[in-house]
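> how would this look folded up:
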Amino acid sequence: MRKFLTHLAIGIAALGVITSAHAGETLDRVMGKKAMVVATNSGWPPQSYLDDSNEMVGFDIDVSREIAKRLGVEVSFETPDWATLTGGRWQGRYDLGVGSVTPTKARAQVIDFVGVYYYSPYVYVVHKDSTAKSVEDLNGKIIGVETATTSEDFIRRQLEIDAPGLPPIEYKLEPGEIRTFADSMLPFDDLRLGAGVRLDAVIAPEQTAANAIKNGYPLRILEGDYAFKEPLVVIAEKVDPEWTAKVSAIVADMKKDGTLATLTTKWYGKDYAAD
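Residues are numbered from 1 along each chain as shown. Presented below is the predicted three-dimensional model:
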């Protein structure tokens, strides 16, 4: 019993040291170095991608640069896989995540939601020669989605968005088969081959689909039928409430002063900052 109590006391003391070490840890690191590392994507146009000069560009990149500017620090980018970006436990490798992340109940357990910075409608996309006119026409068909995203959660009827005031998710589609892809553009690459050749439809963010169409993909969006509308959040490692609060205030100011409306319009052609 004495041995157990000794170990317990040591454990409690160690926990106190860890908790103390984490207080302000990220904020102190960023402001001390005058540099911030942002985790994002490298192949998700127009959110974030490498341009012809091998430079990171896109909406999420512009948002990251604006946050850094308001903090008075430099910014650099890392591009971990999606599970790492949204899984927390970054161990200080990244200071912030700006990757158009949906706030789900599962993610709330492992990462901090710094603040909603825009809203994204998800749409049904078909080949331009498809005879589908409505969601009902896609029942029993082959649907493509990016793996480990809200598109996959939605098509599997497992989507739980963790944000107040959103209407309940409506599931109108009964797929015949679900095919998952490791990258946001890969489903469109299969769909562009023809209606029903490999896929009958893709579920994706409206802005991603619109960008593919703009770049010559022979696709169209089913009009009048959003799959769902989701808020997107900036995220942080769940270790430093001071850092989360600091960036949250910056994101709120960017929304209030119209910066986010300007940036969504620049990259998407629409104001997606309003809920």
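
> residue boundaries of the strands in the stretch 51-200 of the chain?
56-57, 74-78, 96-101, 111-127, 142-146, 177-181 (DSSP state E, counting those that start in this stretch).

> got the CA coordinates for stretch 189-204 in CSV?
Provided in CSV are the C-alpha atoms of stretch 189-204 (Å, rounded to 0.1, in the frame of the first residue of the first chain):
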residue,chain,number,x,y,z
ASP,A,189,-10.4,11.8,-62.2
ASP,A,190,-12.5,8.7,-62.3
LEU,A,191,-15.8,10.5,-62.8
ARG,A,192,-14.4,12.5,-65.8
LEU,A,193,-14.0,9.2,-67.7
GLY,A,194,-17.7,9.1,-68.3
ALA,A,195,-21.1,8.5,-66.6
GLY,A,196,-21.0,5.1,-65.0
VAL,A,197,-17.6,4.1,-66.4
ARG,A,198,-16.1,4.0,-62.9
LEU,A,199,-18.4,6.2,-60.9
ASP,A,200,-21.9,7.6,-61.2
ALA,A,201,-21.4,10.6,-58.8
VAL,A,202,-19.0,12.2,-56.3
ILE,A,203,-19.9,14.0,-53.1
ALA,A,204,-17.5,16.9,-52.5
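
> Okay, buried residues for that stretch please.
Using 16 or more other Cβ atoms under 10 Å as the test for burial, stretch 189-204 gives D190, L191, R192, A195, G196, L199, D200, A201, V202, I203, A204. From N, CA and C alone the C-beta is placed, and that goes for glycine too.

> can you pull the contacts of the residue lying closest to the third one once chain neighbours are set aside?
Spatial nearest neighbour of R192, chain neighbours left out: Y217 (5.0 Å); criterion: Cβ to Cβ, 6 or more residues apart in numbering. Taking Cβ atoms under 8 Å, 6 or more residues apart in numbering as the criterion, Y217 is in contact with F188, L191, R192.

> Tell me if I am right that Y217 is in a strand.
No. Counting by DSSP: H, G, I helix; E, B strand; the rest coil, Y217 is located in no strand; its state is coil.

> gap between it and F188?
To F188, Y217 is 6 Å away according to Cβ to Cβ, to the nearest Å.

> can you check D129 too?
15 Å.

> So the two - more neighbours on which side?
It is F188, of D129 and F188, that has more neighbours when counted by other Cβ atoms under 10 Å, with 23 against 11.

> And the pLDDT at that one?
F188 is assigned 98 on the pLDDT scale.

> swap in L5?
On the pLDDT scale, L5 gets 34.

> Repeat that for S42.
The model's pLDDT for S42 equals 92.

> Run a quick check on it versus N54, I expect a contact.
No. Using Cβ atoms under 8 Å, S42 is not in contact with N54; the gap is 10.0 Å.

> quick one: G140 from F77, how far?
Distance from G140 to F77, by Cβ to Cβ: 42 Å.

> Quick one: residues contacting G99.
Residues in contact with G99 (Cβ under 8 Å, 6+ apart) are A39, T40, N41, W44, Q47, S48, D60, W82, L85, T86, I235.
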